[in-house]
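**Student:** Predicted model and sequence below, questions to follow.
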Amino acid sequence: MDETERDAAELLAPLRDAGPIPGPAPGSSVSIERAVRAGRRRKQVWTAAGSAAVVLVVVLTVGVLPGLLRGIDTGRIDTAGRPAPDAFNPMWQVVQVGSAGGYAPVGYETGRYRQVVELGDEKPDEGATGSGTITVYAQGRVPGQLGPDWEPLGDRAPDVYGRPAFWLPAPRSGGDGVELAWRWSADAWAFVHISGTFPDLRDRAHRVAQSVTTDGEEQPVRLPFTLPRPDGLTVLGTRTGADGGSVLFGTSVEEGATLEVGARLGAEPGPGEQPIADIGGHPATADGSRVTVREVGAGFSVVAEVEPADAVAQFGGIERVAAVAGSVQLVDAPGDRAGWVPDPVR
């Protein structure tokens, strides 16, 4: 039985119990073979439609739904109209920034209530002198914000991604330059502050804001080391840059005093540090709130520092700060960012 005969049998099966099937009338143009081919095409369309529906359900179940749930769990930013989270996962980067207006991202700071992107010159070899920051806040976390309808003082600026934007009268942190605020979500705000020798800073600030995407896939923070989680401390955030990175710990989830521990390329002891006993076989120095372990590997030093300095007792004193510094383990090739690891606190 060939394929046409098999399809004919399948298509005509429901008629087997309906009595004899008359043949075509004399002179009729009906072709059983053409009818079978047409039925086969309809069958293929129905099968493809059914398969597409199954694929759609699978995509929604396997792809979209876990993403939405992950957004709830980790504080993923979303600009599709859903409310912003009131806290971020401090071990995930949730903002993506491109190069724009002569500025490019050079560092990243995560936190529970804000995420900050440090900006530098996009083409530093061409003589430009620009710098700045992009700060994205969780819902209701802008310092001084009064309720969900709050808006910053300042003149209206062109919208950013269709959302209201304002030119601040002066940068919030002081200094020179310009600062633009915009709603990245219906109830949360982001800010870009840039300075530099460019004559058109407002235009450049708006272009930088438009390079910020807040609805893509968040990325885990990757660092060139691992360390055990210190007892009694919680992760508040991270800092990463071209020269390495660090983790910030606190005694509670609220912002306050921090113990920052990390590995940085070429880090030298602070001006007040004095030699202490070697840590892990490496030369070390310390003052009242900071410990530096040098020559750890590949030009990297480990630095552990309490801010503010008078809060060191909250973290068990300088001896415990030194112990935390000694627990840091560099990855095999810390100079190669491809080998940096997620989830460094273990």
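**Tutor:** Happy to help now that I have it. Numbering: from 1, shown residues only.

**Student:** Tell me which stretches of the stretch 201-346 of the chain form strands.
**Tutor:** 212-213, 219-220, 222-223, 225-226, 234-241, 244-250, 258-265, 274-279, 282-286, 290-297, 300-307, 329-330, 341-342 (DSSP state E, counting those that start in this stretch).

**Student:** I'd like these laid out as JSON lines, including distance to Tyr137, mean pLDDT and mean neighbour count.
**Tutor:** For every residue, glycine as well, the C-beta is placed using N, CA and C. Listed next are the strands of the stretch 201-346 of the chain as JSON lines, based on distance: least, C-beta to C-beta, whole Å; pLDDT from 0 to 100; neighbours: other C-beta atoms under 10 Å:
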{"stretch": "strand 212-213", "distance to Tyr137": "13", "mean pLDDT": "90", "mean neighbour count": "18"}
{"stretch": "strand 219-220", "distance to Tyr137": "19", "mean pLDDT": "93", "mean neighbour count": "14"}
{"stretch": "strand 222-223", "distance to Tyr137": "24", "mean pLDDT": "98", "mean neighbour count": "23"}
{"stretch": "strand 225-226", "distance to Tyr137": "29", "mean pLDDT": "98", "mean neighbour count": "20"}
{"stretch": "strand 234-241", "distance to Tyr137": "13", "mean pLDDT": "97", "mean neighbour count": "21"}
{"stretch": "strand 244-250", "distance to Tyr137": "17", "mean pLDDT": "98", "mean neighbour count": "24"}
{"stretch": "strand 258-265", "distance to Tyr137": "19", "mean pLDDT": "98", "mean neighbour count": "23"}
{"stretch": "strand 274-279", "distance to Tyr137": "38", "mean pLDDT": "97", "mean neighbour count": "13"}
{"stretch": "strand 282-286", "distance to Tyr137": "35", "mean pLDDT": "98", "mean neighbour count": "20"}
{"stretch": "strand 290-297", "distance to Tyr137": "29", "mean pLDDT": "96", "mean neighbour count": "22"}
{"stretch": "strand 300-307", "distance to Tyr137": "21", "mean pLDDT": "98", "mean neighbour count": "24"}
{"stretch": "strand 329-330", "distance to Tyr137": "33", "mean pLDDT": "97", "mean neighbour count": "17"}
{"stretch": "strand 341-342", "distance to Tyr137": "24", "mean pLDDT": "97", "mean neighbour count": "12"}
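
**Student:** For the residue nearest to Arg320 when sequence neighbours are not counted, grab the count of nearby residues.
**Tutor:** Computed as C-beta to C-beta, 6 or more residues apart in numbering, the closest residue to Arg320 that is not its neighbour in sequence is Pro230, at 8.0 Å. A total of 20 residues lie near Pro230 under the criterion other C-beta atoms under 10 Å.

**Student:** Just confirm Pro230 contacts Val321, I think it does.
**Tutor:** No: the pair Pro230 / Val321 is not scored as a contact, 9.8 Å apart, by C-beta atoms under 8 Å.

**Student:** Mutual contacts of those two, please.
**Tutor:** Shared contacts of Pro230 and Val321, defined by C-beta atoms under 8 Å, 6 or more residues apart in numbering, comprise Leu259.

**Student:** was I right about Val142 contacting Glu151?
**Tutor:** No: if you go by C-beta under 8 Å, Val142 and Glu151 don't touch, sitting 10.4 Å apart.

**Student:** before we move on, the earlier item: if I look at the residue nearest to Arg320, how far off is Leu248?
**Tutor:** According to C-beta to C-beta, to the nearest Å, Pro230 and Leu248 sit 12 Å apart.

**Student:** shared neighbours of the two, anything?
**Tutor:** Jointly contacting Pro230 and Leu248 under the rule C-beta under 8 Å, 6+ apart are Leu259.

**Student:** Now the element after the lowest-mean-pLDDT helix or strand in the chain, going C-ward?
**Tutor:** The helix or strand of the chain with the poorest confidence is helix 65-74; it has a mean of 34 (mean pLDDT, DSSP states H and E). Downstream of helix 65-74, the first helix or strand assigned by DSSP states H and E is strand 92-93.
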